[in-house]
Each structure stands twice: as structure tokens, then as C-alpha cells.
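J.: Got a sequence here, can you model it:
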Amino acid sequence: MRSSCTILLLFIAASAAAMPSDTFGIFVGSDTINQSDLLEVKFMLENVEGQIERPAFTGFEIVGGPNQSSSFQFINGKSTSSISHSYWIRATEAGLLYIGPIYATTAQGDKLESGPIAITVMPSSLDEPVQHAVGDQAIRQNLLWQEAPPPKRKLKTRKI
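T.: I've put the predicted structure just below:
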């Protein structure tokens with residue numbers, strides 16, 4: 001009896017660990033740019049239903065966006081979803097500039113908030129402007145800010 005309870009608890013723990021995590025992330029193509037460069041900024045909600053509010057882009061001009069994308073996958077009984085908004089911006093001045101804070105409101109009415117993202121802007125050079133895009137690899141490795149909302153349900157265990 002004791003070994004079957006242990007196996008059941010291990011199964012429940014493994015199932016909970018395999019569930020996709022709820023995240024709110026902000027990604028930038030680079031944290032250091034030239035003033036003439038274009039920078040992509042992407043905000044993403046993963047496995048959270050809600051809306052993202054546009055941040056203040058003080059010191060930047062928006063040259064593209066907002067671009068919105070969403071996805072939903074259901075594979076082997078597991079579902080994942082994501083919503084993202086992206087903007088292309090250009091700095092209007094050199095120096096240390098900040099993007100944000102960024103707010104998201106979940107379907108349950110919870111407010112998620114990020115801290116500001118610092119971008120170092122170097123004076124324009126004579127080189128061609130560079131586009132600093134956020135790639136899939138950057139999203140997997142360079143999450144600059146992330147918050148996991150509280151779990152939607154808690155597992156209750158009892159001693160047998």
C-alpha cells in the first residue's frame with residue numbers, strides 16, 4: 001500500500017512538472033545600439049489569457065508596430081498558448097534610455113508588471129543602420145524579465 005501511494009505521488013509530481021509554465025516576458029534585440037539602429041522589442045504572454053498594454057517609449061520613436069501574433073498548440077493531451085506584441089523602435093537621443101514598465105492584465109483580472117528595460121544608445125556612426133531583431137534563440141536564452149503568475153490550482157496531499 002505504501003509503495004503504491006509513493007508511486008501515485010511521484011506520478012502527480014511528474015505531471016505537474018510537465019505542465020507548461022505561465023510566463024510574462026520581455027525581449028529586446030540588443031541592450032546596446034547606435035542611435036540610427038532599429039531595435040525590436042517583443043512582449044509575450046505564455047499560457048496566460050490576457051492583454052498586454054503598450055509601454056512608454058520615452059526617448060524612442062516607433063517605426064513599426066504593434067505587430068501581434070498568437071499561437072495555440074495541443075500535442076499529446078498538453079496545450080500551450082502564447083500572445084506576443086512587437087514594436088520596431090529607433091532612439092531619438094543618445095544615452096541610457098528605458099523602455100517600460102510593461103503591464104499585462106490576465107483574464108482573471110490580475111495585473112502583471114515589469115520593471116523598465118535599460119537600453120544603452122551610442123551616438124550615431126557613419127555605418128549603415130543595423131536591425132536588432134529578437135530571434136527564437138534569443139527568446140529561449142535571453143529572457144530579460146520574467147514573472148510566473150501564481151498557480152491556478154494547488155495539489156492537496158494527505159498522509160495515508
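J.: in the sheet, who's paired with the residue nearest the centre of the chain?
T.: In the chain, the C-alpha nearest the mean C-alpha coordinate belongs to G25, at 1.6 Å (Cα atoms, centre = their mean). Residues in a beta bridge with G25, per DSSP bridges, are M44, Q146.
J.: List of residues touching the lengthiest strand in the chain?
T.: Determined from DSSP state E, the single longest strand within the chain is strand 60-75. Residues lying outside strand 60-75 but in contact with it, judged by Cβ atoms under 8 Å, 6 or more residues apart in numbering, are 38-39, 54, 79-92, 97, 99. All C-beta spots, glycine's among them, are computed from the backbone N, C-alpha and C.
J.: Is there a quick ChimeraX command that grabs whichever of these are buried?
T.: Only the buried members of the contacts of strand 60-75 end up in this ChimeraX selection, burial being decided by 16 or more other Cβ atoms under 10 Å:
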select :38,39,82,83,84,85,86,87,88,89,90,91,97,99
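J.: Out of the contacts of strand 60-75, which sit inside strands?
T.: Checked against DSSP E, those include these in strands: 38-39, 79-91, 97, 99.
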